[in-house]
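J.: sequence and predicted structure are below.
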Amino acid sequence: MDLKATSFLKTIFLLLAFTLPLRHAHSLGDEAFISKSELSPSSLLLADSNNTIPILVDEADEWGLIRAARDLSVDFERVTGHEAMLVHKSNKKLKTAIIVGTLEKSKFIGQLAKERKIDVSSIRDKWEAYHIEIVDSPLPHIDRALVIAGSDKRGAIFGVYEVSEQIGVSPWYWWADAPIKQSETLYATLDAPIQDAPKVKYRGIFLNDEAPALTGWVHENYGDFNSEFYVHVFELLLRLKSNFLWPAMWNNAFADDDEQNMILAHKYGIVMSTSHHEPMMRADHEWNRYGEGPWDYARNPDRLDEFWREGAQRNKPYDSIYTIGMRGQADTPMSETEDIDLLEKIVKAQREILSEVFDDRPLEDVPQVWALYKEVQGYYESGMRVPDDVILLWCDDNWGNIRRLPTVEERERSGGAGVYYHFDYVGGPRSYRWINVIQLAKIWEQMNLAYQYDANQIWLTNVGDLKPMEFPITYFLDLAWDIEDWPKEQIPEYGQLFARSIFGDQYAAEIAELLADYTRHNGRRKPELQEASTYSLLNYREAERIEAELIDMESRAEALYEKIPETAKSAFFQLVYYPVRASSTITRMYIAQGRNLLFAEQGRASTNHWADQVELLFDLNKELEDLYHGDATNGKWNHMMSQPRIGYTHWNNPPADTLPPVMRNRPNQVADMGVAMEGMTAAWPAEGNSYALPTFTPHGAKERYLEIFNKGTVPFEFTATPSEPWVLLTQDKGSVTDTLRLPVSVDWDKVPEGKSKAVIDVRGTGWGSARIAINVTNPTDIEANGFVEADGYISIDAASFSRKTEAQGISWQVIPELGRTGDSVSTFPVNDFSTEDLKDAPFLEYDLTFFSTGEFVIDTLWAPTWPIVPGRGLRYAIAIDDQIPQVVDLHENRDHSLWQESVRNGVRSSTSNHTIDSPGPHTLRIYRIDPATTLQKIIIDTGDLQPSYLGPEESDYVTTK
Ligand code: REL
């Protein structure tokens, strides 16, 4: 090949390189550009056993960037043992360097750009963008450099922390003691530049509901919520590529408590604001400290104006977003009635203050936000408006379901919109403040809606005490950075990437499973809402199954804890072991309480054993907390898990965990038989009862059980005799000390066709015998196809559809891991259109086989999503076969108690009635009408559906082909 041809190819390559879409780096993804070994000859050595590459940063550059570069230099020491020297001038000794700077303030970056050694045209003027590239001969005396250029201060800082994470320092190295991934050598390998920039402008957290846990810890370590504490928060946020904070406000006033709080936030690069009910950068508590007269604009406008003016003046030098509007103090409505005139007057006054204070810039350049929280959204819906340049902050219902998103017209507003979300909440129907109860998939489902409807100016989430929310915080902020990098199909993988980023490859898959399992479990029903009767002890072996899942989850966590290297144990405890074991302990305690109460009613001697179990598990909850506060974390996180979570009786937590009430009895020194059976509270012998096991059908439960138990303390012998040869028992006699579970099944080869009856006669102590009826239905002549009716129901996981039909470019798609029992389905792309004409609607089909006929209720379980668009519901249509589809609006009845029920249960149930007049195969169709309807489960009651929390497990699926 001649020289000309090579240079032609090179030109083509360069052209291609610059027209290719930007490569994005996301630390958890697969675009790693730093490795421990030299991956290619063009790799740049960053560190070996003797030296670490120096970091060159212009002294004139941003203070916050120089500070972050210093973090990077220390991070190198953490990883390699050698700090990277921070230098401000290029000199002969350098040879190679990491050059860090902003486009505007770094003379080094400026020179590189000017000499076209880096092409930063596509990040210039962008918000928080960065460019990373290996450059040959970047500056005199330097042969090669890893260049990190930022379009602005934070862009450069994020580039620096991207490198930090890739060399082996997790953003959680301090806040969760994530182990440093030590390495003697480090190389950068990039064959093309990496450029990245966020999709959401302000991405942050709200430290809230912060006592007793965070407050106890802060007081012990820092005395107060001062700058010594806050610098740790700022650093964490920047490492997570976040830029925005609502500070702790329960007993504090960020700017007033310590002058350095605000100064350092600004210098670090954090944009501060105050929560939805704290206007004009003034904390609620500042009014308690300095305010005169009532917090009431109608009566006290002058003093309030003055108070707010001081806030604006104080914050003028600092990056801030001004909350405008007014609510009552401490998160209460401003007044009993909507006083729109007054609120408009308040906003007008606040904006006047801002334009006077910020007389050097147009008012639209002073970021302002109006939070449409709780009753304030009502003001908006009743017609109140603020000027277009104000960001509208739409809020969730405090339970992770966004109430409303911008309409097409609202999306035209110049200020745009954002979302205030919750991982933690104090309020009704019940506070949840202790542990992480948030599924990643739920965050994705909701924040994807926010993204699609352009609520992308602010994404803010209430994280309570910050710990133990590390996992969902990371995900939320990664989605905020660029949700397009994280499609729903990657939800399961994210857990693995998160685990890998902290614990390395070896156990990532197992850890991810544990993270998914415990969050699914807590998402089913938050620990604070659980009680003895949550999971059914009688039906579908629900409590037993959940208990088995939990025990299995705990033993996996236990086994991993043993294997995890010493250096990672504390992090593992905080991020995995504690949340798994502590969450499991609560549920197991309530299941034990359920057994205790049931067994007391049945008179079992084992009642006391289950009372002891409740107490043991209650104590274990405290022991785990003590471990978190002490030995497992070397005492670093004392107080952090001190939030009470057991013994709620109304929305607010009890002052301390309170032992659930248990029953105790005093068994006699005799032998005294009782017989309980699956599905029944009453146990033989109890007055006025007849005893039967649930009906056996070929596609139903394969096995049922009797429990022969002792009411006294002396063992006894029993016999169990079935009346028919097709009733199978695993034993027909034996001895019982405490409880003996006797499985019962039927021999389908011998059962007659149609309906049959039998009896099991159980004889033990005392007079007479327990006679338990066995009913069997063995239908014939029906060839089953699809989900088969059995035990009086058909139960289907929504994602197990038999077919789906797309229409008008919209289709039903699976959202993995969303929901209480499996995956969910929703329609994509999310858009503004409802499919009013069902001919144009995408639909799902489920093949079913009924053995019975009649009027059946179909209960569909949906994510508790809000209709999002004003004046519209959340509709679907449902039909069996060619019956006329019924249109159902999930929000037809907007009764508050229904909403409460839906957030307690984590699903919104919706029912429709259908007539099945012939047995055999049928097809159920579910049509999309409105966007954002997300289906989890379908339960058809064909006459014998029993109460349970999650509904029966999925029915048998039979294929005829
Ligand atoms: O979750 C919320 O947004 C509210 O409960 C809090 O912001 C509220 O202001 C509360 O902490 C105290 O007043």
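T.: Received, thanks.
J.: how about the nearest residue to the closest residue to the ligand within the chain, chain neighbours excluded?
T.: Nearest residue of the chain to the ligand (C-beta to the nearest ligand atom) works out as residue 331 at 3.4 Å. Backbone N, C-alpha and C define where each C-beta goes, glycine included. Spatial nearest neighbour of residue 331, chain neighbours left out: residue 277 (5.5 Å); criterion: C-beta to C-beta, 6 or more residues apart in numbering.
J.: contacting residues for that neighbour?
T.: By C-beta atoms under 8 Å, 6 or more residues apart in numbering, the residues touching residue 277 are 284, 326, 327, 328, 329, 330, 331, 332, 373.
J.: tell me the buried residues within those.
T.: 284, 326, 327, 329, 331, 373 (16 or more other C-beta atoms under 10 Å).
J.: which of these fall in helices?
T.: Counting by DSSP state H, these place residue 284 in helices.
J.: redo the buried ones among the contacts of residue 277 as a markdown table? Include pLDDT.
T.: Formatted as a markdown table, the buried ones among the contacts of residue 277 follow (pLDDT from 0 to 100):
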| residue | pLDDT |
| --- | --- |
| 284 | 96 |
| 326 | 95 |
| 327 | 92 |
| 329 | 85 |
| 331 | 83 |
| 373 | 97 |
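J.: so can I have a markdown table of the buried ones among the contacts of residue 277 showing distance to residue 922?
T.: Putting the buried ones among the contacts of residue 277 into a markdown table (distance: C-beta to C-beta, whole Å) gives the following:
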| residue | distance to residue 922 |
| --- | --- |
| 284 | 59 |
| 326 | 57 |
| 327 | 53 |
| 329 | 59 |
| 331 | 51 |
| 373 | 46 |
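J.: which of the buried ones among the contacts of residue 277 sits closest to residue 944?
T.: residue 373 (45.2 Å; C-beta to C-beta).
J.: how about stretch 476-485: buried residues?
T.: 476, 477, 478, 479, 480, 481, 482, 483, 485.
J.: kindly report the same for stretch 939-949.
T.: In terms of neighbour count (16+ other C-beta under 10 Å), stretch 939-949 has its buried residues at 939, 940, 941, 942, 945, 946, 948, 949.
J.: what residues does whichever strand or helix holds residue 307 touch?
T.: Assigned by DSSP states H and E, residue 307 belongs to helix 301-315. By C-beta under 8 Å, 6+ apart, the list of residues contacting helix 301-315 from outside reads 255, 262, 272, 279-282, 286-287, 290-293, 295, 297, 322, 349-350, 353-354, 356-358.
J.: how about the helix or strand just after it, does it reach the ligand?
T.: Remark: after helix 301-315, the chain's next helix or strand is strand 320-323, criterion DSSP H and E. No: judged by C-beta under 6 Å from any ligand atom, strand 320-323 stays clear of the ligand, getting no closer than 11.2 Å.
J.: does the spatially most central residue of the chain sit in a helix, a strand or a coil?
T.: Nearest to the geometric centre of the chain sits residue 438, at 2.7 Å (C-alpha atoms, centre = their mean). Classification of residue 438 by DSSP: H, G, I helix; E, B strand; the rest coil places it in coil.
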